[in-house]
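Asks: coordinates for the following, if possible.
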Amino acid sequence: MIILLGMFALAIVVFIVAIIINVRSRGRLDDNGSGWAFGGVIILSCTLLVLFIHLPIHRAGIMSDVREFIAVEETVVITRNNESISEYELAALQHKIIDYNAWLANIQFWATNPVGKWYTPKAVLLLKPIR
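Replies: The predicted model follows:
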């Protein structure tokens, strides 16, 4: 989400820089609107970049994290059934559970938030925290 907002902010900054360059080079805004057209092309390009490149990659990354979460959950169940687990292994397991539950809480927040809902996969909402 932060990357998406950063891309939008970058597009706005580039648009403002394009206007400044146009004003400084001609001393005024161009009457035929070429400076505005240049800025518009930059903003459109950044928007298309975000829509067609960043968002599918982001969704694929989240689905990869979901599969990793499920694998860790299965490993926790198998490990808990093992009676010969040491204190250090148990502590490492608890640390991993805390990390993955924190990730799950964060991504489920964005999946229910109106801003992030439209590009976060719905499979995230089906996951339950590891107990």
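
Asks: just the helices in this structure please.
Replies: 2-26, 34-49, 55-81, 87-112 (DSSP state H).

Asks: pLDDT weak spots in the chain?
Replies: 1-8, 22-39 (pLDDT under 70).

Asks: format the helices of the chain as TSV; extra columns: mean neighbour count.
Replies: The C-beta positions use only the backbone N, C-alpha and C, and glycine is treated the same way. TSV is the format used below for these (neighbours: other CB atoms under 10 Å):
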stretch	mean neighbour count
helix 2-26	13
helix 34-49	15
helix 55-81	13
helix 87-112	13
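
Asks: now render the ones you listed as CSV, adding distance to Arg131.
Replies: CSV is the format used below for those (distance: least, CB to CB, whole Å):
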stretch, distance to Arg131
helix 2-26, 30
helix 34-49, 41
helix 55-81, 9
helix 87-112, 8
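
Asks: next one: Ile16 from Ile43, what distance?
Replies: In this view, Ile16 and Ile43 are 11 Å apart by CB to CB, to the nearest Å.

Asks: circling back: quick one, which of the helices of the chain is nearest to Tyr119?
Replies: Of all the helices of the chain, helix 55-81 sits nearest to Tyr119, with 5.2 Å by CB to CB.

Asks: now do the closest one: distance to the chain's middle.
Replies: Here the centre of helix 55-81 is set off from its chain's centre by 16 Å, with CA atoms, centre = their mean, to the nearest Å.
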